[in-house]
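**Q** only geometry, no sequence info:
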Ligand code: CP
Ligand code: NVA
């Protein structure tokens, strides 16, 4: 940090924001969403540049951040895995130092969570975690906003996570220490979420958090059913083994019927239709998966404005 500069703020985990900060992001996101719908310009980050480092593939994250920066009057630079080869061609620390001289913020999608921590430690500009093996905070930040739009509230709802205790599930646990949720995780044995994140979410004492093995028990009377792929990026070699383990956890019409009649079904996408979710559910009346995808744009724009302006 250069002399006289304010302390920069990163977003590596949901818990990097206070509840008040999350609420402020949501308020701005709703405003910006309206402006987009009405075609009103909102150049809140005019002239600013976001560097986007990707070690893994992406559709939503890449496009929503890039389009978001353009709508805010700024610019985004996409850095593919083969471009900068962070940690291989050059150390992560040096990449952070160099890119900080060019850009006003960094977004990174990485394998090892340690890499976003390193980037944040050495960058002098804000760093946003665009997914790591441990967390996917941008996804869950925007998902609770989507739930608020559909349910008219963000607390007191039963959210049933069905499937793998992965990076998205871990971020839901983090969210449970900011908003009072009834979070039920229906996960098979051996695929629990991160034990430290689980224990600190429980210790926060704000939400009801329960791990159950039976997916039917998880979704019983739920307001929200959430699922994700059975093998995340980087786990492709385990895909066959996982398919057998997770088969009973498929979100299909039978499972959805056990939840509340007005349950909404969520998936961060990309979906493997026919595995963790059926076509019938994904294209059915309970599904809000494309609203979810859209809101990544609005919520992340608000987040960037808070971090970069
Ligand atoms: N949900 C999500 O992060 O999608 P992408 O992997 O396509 O960015
Ligand atoms: N859990 C998934 C999320 C993709 C957006 C993965 O990490 O591949």
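**A** Good, I have the coordinates. Just so it is clear, the model here is predicted, and its values are computed rather than measured. Ligands and ions are numbered 1, 2, ... in the order given.

**Q** buried residues in the helix or strand of the chain with the lowest mean pLDDT?
**A** Lowest on mean pLDDT, DSSP states H and E among the helices and strands of the chain sits helix 81-84, with a mean of 90. By neighbour count with 16 or more other C-beta atoms under 10 Å, helix 81-84 contains the buried residues residue 84. Yep, even glycine has a C-beta here, placed from its N, CA and C like the rest.

**Q** list the buried residues of the next helix-or-strand element following it.
**A** Counting by DSSP states H and E, the element after helix 81-84 in chain order, helix or strand, is helix 92-100. Residues of helix 92-100 classed as buried under the neighbour-count rule (16+ other C-beta under 10 Å) are 92, 95-96, 99-100.

**Q** I'd say residue 282 and residue 271 touch.
**A** Yes: using C-beta atoms under 8 Å, residue 282 is in contact with residue 271, at 6.1 Å.

**Q** per-residue pLDDT, residue 65?
**A** At residue 65, the model reports a pLDDT of 99.

**Q** from residue 166, how far off is it?
**A** Residue 65 sits 21 Å away from residue 166, going by C-beta to C-beta, to the nearest Å.

**Q** could you look up the SS state of residue 300?
**A** helix (DSSP: H, G, I helix; E, B strand; the rest coil).

**Q** low-confidence ranges in the stretch 51-200 of the chain?
**A** For the stretch 51-200 of the chain, no stretch has pLDDT under 70.

**Q** where along it do the strands fall?
**A** With DSSP state E, counting those that start in this stretch as the criterion, the stretch 51-200 of the chain has strands at 75-79, 105-109, 127-129, 158-162, 182-186.

**Q** leaving out chain neighbours, which residue sits closest to the residue nearest the centre of the chain?
**A** Residue closest to the mean C-alpha point of the chain, counted by C-alpha atoms, centre = their mean, is residue 139 at 1.8 Å. Spatial nearest neighbour of residue 139, excluding adjacent residues (C-beta to C-beta, 6 or more residues apart in numbering): residue 268 at 4.9 Å.

**Q** and that neighbour, how many neighbours?
**A** 26 (other C-beta atoms under 10 Å).

**Q** so it touches residue 228, yeah?
**A** Yes: if you go by C-beta under 8 Å, residue 268 and residue 228 touch, sitting 5.6 Å apart.

**Q** what is in contact with the two at once?
**A** residue 168 (C-beta atoms under 8 Å, 6 or more residues apart in numbering).

**Q** can you show me the helices along the stretch 101-250 of the chain?
**A** 113-122, 137-151, 167-175, 195-204, 215-219, 239-246 (DSSP state H, counting those that start in this stretch).

**Q** flag every buried residue along the fifth one.
**A** With burial defined by 16+ other C-beta under 10 Å, the residues of helix 215-219 counted as buried are 215, 218-219.

**Q** any residues of the stretch 151-300 of the chain in contact with ligand 2? List them.
**A** 166-168, 228-229, 232-233, 268 (C-beta under 6 Å from any ligand atom).
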